[in-house]
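1. coords below, sequence missing:
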């Protein structure tokens with residue numbers, strides 16, 4: 001993670017995708033919202049973006065800790 005991020009504000013969730021799948025199965029409203037979000041998604045081809053490639057490659061260099 002970049003050092004300028006406030007690490008105290010970052011939390012992990014081990015089962016968030018599973019929780020979302022369960023909600024979509026048992027809740028008509030949750031499924032409708034998931035379908036709405038999926039329909040509004042836009043594909044971005046990052047492999048063709050030179051700025052992204054540079055930032056990504058630079059981010060792969062982890063400092064010694």
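-> Here it is on my side, so go on. This structure is a prediction, so every number in the text was calculated from the model and none was measured. Numbering: from 1, shown residues only.
2. show me the shaky parts of this protein.
-> Filtered on pLDDT under 70, the chain yields the residue ranges 1-2, 65.
3. in it, which helix has the most residues?
-> helix 28-40 (DSSP state H).
4. helices or strands up against it?
-> helix 16-26 (3 or more CB pairs under 8 Å, 6 or more residues apart in numbering; DSSP states H and E). Every C-beta, even on glycine, is put in place using the N, C-alpha and C of the backbone.
5. got the contact list for the helix it packs on?
-> Here helix 16-26 makes contact (CB atoms under 8 Å, 6 or more residues apart in numbering) with 13, 30, 31, 34.
6. so which bits of it are buried?
-> residue 24 (16 or more other CB atoms under 10 Å).
7. ok so, going back, and the longest helix of the chain, how far from the chain's centre?
-> A distance of 17 Å separates the centroid of the chain from that of helix 28-40, by CA atoms, centre = their mean, to the nearest Å.
8. now do that helix against helix 16-26, angle only.
-> 120 degrees (axes from the mean of the first three to the mean of the last three CA atoms, to 10 degrees).
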